[in-house]
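S.K.: Here you go, sequence then predicted model.
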Amino acid sequence: MASKIKITFLGTSAQIPTSKRNHTAVLLTYEGENILVDCGEGTQRQFRKTRLNPCKITRILITHIHGDHVLGLVGLLETLSVSGYNKTLSIYGPKGIKNFIEKLLDTFVFKREYKIKIEEVKGKFLETDDFYLEAESMNHRIPCNAYCFVKKGQIRIDKNKLEKSKLPSGPLIKKLKEGKDIIYNRKKYLAKNLTYEEGGKKISFVFDTSMNKEIIPFVQDSDLLICESTFTSNLENRAEAYKHLTAKQAGEIAKKSKSRKLVLTHISQRDEKNLKTLLNEAKKVFKKSSVAEDFDKIEI
């Protein structure tokens with residue numbers, strides 16, 4: 001059975017946290033990977049509340065260096081240090097992330113025996129046999145990335161088509177599973193005509209950006225789109241001024257990108273008692289929308 005991708009919302013607030021919402025942080029778990037997307041103030045305490053071990057983190061994706069997305073980072077790094085963390089921690093982000101983290105480590109002095117690898121990324125920046133990670137630049141007041149986690153699908157043989165082709169079993173079938181075309185008895189057989197892909201999944205994270213031409217193609221065909229919705233439509237001009245999205249715009253992105261599910265996050269304290277309005281704006285455009293709460297969990 002294929003492994004599930006697990007999403008845990010550790011923080012879902014916008015710039016100012018509330019009694020119900022912590023600053024932005026989302027954990028993606030897949031097999032041996034625990035990938036933290038952003039690390040707002042108080043994130044490590046959210047780990048404790050949901051009984052997750054921060055020492056299992058393998059990678060951190062930083063969207064941008066505004067405080068509500070990174071103020072928990074140095075505390076987390078120090079906790080890892082005193083907790084015996086012994087892996088190489090990979091931290092990825094937009095232009096400027098390397099200088100920012102190096103300054104953090106110079107400012108807050110603590111004993112650290114584990115290694116930190118920092119990369120400024122755009123495009124596909126990590127690929128394994130099972131998945132890959134991509135980054136795309138967004139339109140915010142400072143350099144900012146959106147991210148996609150893509151679990152690769154497995155190539156399966158269409159048994160009915162294979163039977164009709166009368167190809168023999170053995171090495172030829174193995175090549176088809178690898179996506180390679182084959183020649184048998186002087187006839188060419190295209191892998192795409194005898195196989196299909198099964199089990200591929202795409203999770204997209206779009207935090208802190210105004211509407212721009214890069215978003216929709218980047219998140220195209222997402223199984224889960226996690227998208228900021230800092231404003232309601234009556235404040236669209238303000239959203240544009242501060243380089244953020246409205247809930248309606250998030251719905252439009254989900255619809256136009258043919259995503260399967262939309263989860264709204266980065267919720268302003270202004271809308272804490274107005275969540276129904278926020279959600280309805282997205283649902284009018286894209287029915288499969290919901291609003292994230294701290295500690296919500298989703299499996300795909």
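M.R.: Now that the structure is in, tell me what you want to look at. If you're wondering where the values come from, they're calculated on a predicted model, not measured in any experiment.
S.K.: Please count neighbours and contacts with C-alpha atoms only from this point.
M.R.: OK.
S.K.: Give me the helices and strands touching the one helix or strand residue 29 maps to, please.
M.R.: Under the criterion of DSSP states H and E, residue 29 resides in strand 25-30. Where contact means 3 or more C-alpha pairs under 8 Å, 6 or more residues apart in numbering; DSSP states H and E, strand 25-30 is packed against strand 6-11, strand 33-37.
S.K.: Given the shortest one, what are its sheet partners and their directions?
M.R.: What that stands for is strand 33-37. If you go by DSSP bridges, strand 33-37 pairs up with strand 25-30 (antiparallel), strand 59-61 (parallel).
S.K.: for the first one, same thing?
M.R.: Based on DSSP bridges, the pairing partners of strand 6-11 within the sheet are strand 25-30 (antiparallel), strand 297-299 (antiparallel).
S.K.: Show me what the first one is in contact with.
M.R.: Spelled out, that is strand 25-30. Strand 25-30 is contacted by residues 3-12, 34-40, 43, 69 when judged by C-alpha atoms under 8 Å, 6 or more residues apart in numbering.
S.K.: could you redo the last one with a cut-off of 6 Å?
M.R.: By C-alpha atoms under 6 Å, 6 or more residues apart in numbering, the residues outside strand 25-30 that reach it are 5-11, 34-39.
S.K.: Check the offset of that strand from the chain's centre.
M.R.: Distance of strand 25-30 from its chain centroid, counting by C-alpha atoms, centre = their mean, to the nearest Å, is 8 Å.
S.K.: How about that strand, which residues are buried there?
M.R.: Using 16 or more other C-alpha atoms under 10 Å as the test for burial, strand 25-30 gives 25-30.
S.K.: Switch those over to TSV; also include pLDDT and distance to residue 124.
M.R.: TSV is the format used below for these (pLDDT from 0 to 100; distance: C-alpha to C-alpha, whole Å):
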residue	pLDDT	distance to residue 124
25	98	22
26	98	20
27	98	20
28	98	18
29	98	19
30	96	18
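S.K.: Let me know the closest of those to residue 65.
M.R.: Proximity of these to residue 65 (C-alpha to C-alpha) peaks at residue 25, which lies at 13.0 Å.
S.K.: Tell me the buried residues in stretch 254-273?
M.R.: 254-255, 257-269.
S.K.: before we move on, what about stretch 133-153?
M.R.: Residues 133-140, 142-152 are the ones in stretch 133-153 that count as buried (16+ other C-alpha under 10 Å).
S.K.: cool, and stretch 61-71?
M.R.: Those would be 61-66, 68-71, for stretch 61-71 by 16+ other C-alpha under 10 Å.
S.K.: Which of those fall within helices?
M.R.: When those are checked against helices (DSSP state H), the matches are 68-70.
S.K.: Pick out whichever of the residues you listed sits closest to residue 231.
M.R.: residue 68 (16.4 Å).
S.K.: Could I get the contacting residues of the closest one?
M.R.: Contact analysis of residue 68 by C-alpha under 6 Å, 6+ apart lists 15, 23, 40.
S.K.: got a markdown table for those, with distance to residue 234, secondary structure and pLDDT too?
M.R.: Shown next, in a markdown table, are the contacts of residue 68 (distance: C-alpha to C-alpha, whole Å; DSSP: H, G, I helix; E, B strand; the rest coil; pLDDT from 0 to 100):
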| residue | distance to residue 234 | secondary structure | pLDDT |
| --- | --- | --- | --- |
| 15 | 19 | coil | 95 |
| 23 | 24 | coil | 98 |
| 40 | 28 | coil | 98 |
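S.K.: how near is residue 151 to residue 267?
M.R.: Shown here: residue 151 relative to residue 267, a distance of 28 Å by C-alpha to C-alpha, to the nearest Å.
S.K.: With neighbour count added, can I get the contacts of residue 68 in JSON lines?
M.R.: Below are the contacts of residue 68 laid out as JSON lines (neighbours: other C-alpha atoms under 10 Å):
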{"residue": "15", "neighbour count": "19"}
{"residue": "23", "neighbour count": "29"}
{"residue": "40", "neighbour count": "29"}
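S.K.: Let me know the closest of those to residue 128.
M.R.: Ranked by distance to residue 128 (C-alpha to C-alpha), those are led by residue 40 at 27.8 Å.
S.K.: Quickly list the domain ranges of this structure.
M.R.: 6-153+199-299, 155-195 (automatic domain parsing).
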